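Enquirer: here is the input, now give the coordinates:
(one chain, ligands or ions: 2)
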Amino acid sequence: MFRVTVLGSSAALPTRSRGVSSIALEREGELLLFDCGEGTQRQMTVARLSRFEPDVIFISHIHGDHTLGLFGLLMSMSMHDRRSPVRIVGPDRLKKLIVEVFRILGTKLTFTVEFVHAKDGLVHRGAGYRVRAIRTEHPGECYGYRLDEDRRPGKFFPDRAVALGISPGPIFRKLQNGRAVEVGGSRITPEMVMGPPRRGRSFGYSGDTRPARRLVTFFKGVDLLAFDTTFSDEYATEARQFGHSTASESAMLAERAGVKTLLMTHISQRVADATILLEQAKKIHPDSVVAEDLMQFDVPLPR
Ligand SMILES: [Zn+2]
Ligand SMILES: [Zn+2]
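Expert: Numbers count the residues shown, from 1 in each chain. Ligands and ions are numbered 1, 2, ... in the order given. Got it, this is the predicted structure:
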């Protein structure tokens with residue numbers, strides 16, 4: 001499973017229908033969070049994600065609409081007597097913020113929080129995937145993240161194997177696992193019975209940002225990209241001023257990067273009708289979606 005759930009899609013302030021920034025990614029039994037605005041924990045309950053506890057939380061930047069849900073979430077995990085560590089990847093000041101809050105609250109968590117100071121490049125390696133970060137263009141220290149699954153072995157062609165004199169069974173599995181075998185005195189390598197390695201699934205999260213050129217390379221070819229689309233095109237000046245992107249800007253970036261689906265999120269209250277974002281984006285990148293809270297996306301394995 002590779003399922004992305006929007007937990008909060010509003011910029012700066014929560015509204016009647018939108019909470020502030022957070023996105024969950026469930027993958028092979030693991031839960032990862034990208035940002036954790038106020039109310040994230042409650043949204044996780046509504047989305048029925050609460051039974052899972054995130055092992056890794058990626059924070060884009062220190063702004064309150066991306067971080068203020070962390071304290072409640074960590075506290076609940078402690079109340080559930082969590083023992084395994086939680087890793088938090090993010091900007092420098094995050095560690096101090098969390099340590100200070102729990103010191104002042106007088107709360108001692110039942111688990112360790114491992115802080116990883118984000119930087120351009122690899123920031124986390126999980127079972128079967130890796131996450132890289134990139135500095136984005138927004139006031140302060142802000143990062144975007146990209147998760148890529150490891151490459152999978154190529155497609156196995158049983159008829160080719162049979163033609164080489166191998167019968168189905170343990171030898172099939174050896175070849176499928178990438179090991180060469182010896183059959184009737186001749187050596188058979190996996191390449192002889194399998195297609196080329198296949199890529200895994202990928203997800204990108206921009207955090208808050210201008211549509212910087214370097215992000216085009218960074219998000220090249222991702223299956224699903226959640227990108228800052230705070231404003232409709234009418235607010236291009238505000239987008240530049242506050243370090244955000246408009247619908248056309250995020251669509252242009254997605255198009256240039258060859259992204260499959262663009263998920264426009266971090267939507268300003270000023271955008272009264274979100275369908276305008278869709279109209280503006282679709283002209284440039286047809287596979288665009290406006291994020292709504294609790295929306296889910298299942299990313300399929302590439303063939
Ligand atoms: Zn924000
Ligand atoms: Zn911000």
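Enquirer: which strands and helices sit next to the host helix or strand of Leu97?
Expert: Using DSSP states H and E, Leu97 falls within helix 93-105. In terms of contacts (3 or more Cβ pairs under 8 Å, 6 or more residues apart in numbering; DSSP states H and E), helix 93-105 is packed against helix 70-79, strand 86-90, strand 113-117. (Each C-beta comes from the backbone N, C-alpha and C, glycine too.)
Enquirer: go again with 7 Å.
Expert: Helices and strands touching helix 93-105, by 3 or more Cβ pairs under 7 Å, 6 or more residues apart in numbering; DSSP states H and E, are strand 113-117.
Enquirer: just after the strand it packs on, pick out the following helix or strand.
Expert: Counting by DSSP H and E, what follows strand 113-117 is strand 121-126.
Enquirer: before we move on, the earlier item: rounded mean pLDDT for the helix holding Leu97, please.
Expert: In this model, helix 93-105 has an average pLDDT of 96.
Enquirer: what's the nearest residue to Arg179 if we skip its chain neighbours?
Expert: Pro190 (7.0 Å; Cβ to Cβ, 6 or more residues apart in numbering).
Enquirer: who touches the one you found in this structure?
Expert: 175, 178-180 (Cβ atoms under 7 Å, 6 or more residues apart in numbering).
Enquirer: how far off centre is the helix holding Leu97?
Expert: The chain centre lies 25 Å from the centre of helix 93-105; the measure is Cα atoms, centre = their mean, to the nearest Å.
Enquirer: need the pLDDT of Thr217.
Expert: For Thr217, pLDDT reads 98.
Enquirer: pLDDT value on the closest residue to it other than its chain neighbours, please?
Expert: Residue nearest to Thr217 in three dimensions, not counting chain neighbours: Ala257, with 7.6 Å by Cβ to Cβ, 6+ apart. You'll see Ala257 listed with a pLDDT of 98.
Enquirer: residue in the stretch 151-300 of the chain nearest to ligand 2?
Expert: Ligand 2 sits closest to Asp208 of the stretch 151-300 of the chain, with a gap of 3.8 Å, by Cβ to the ion.
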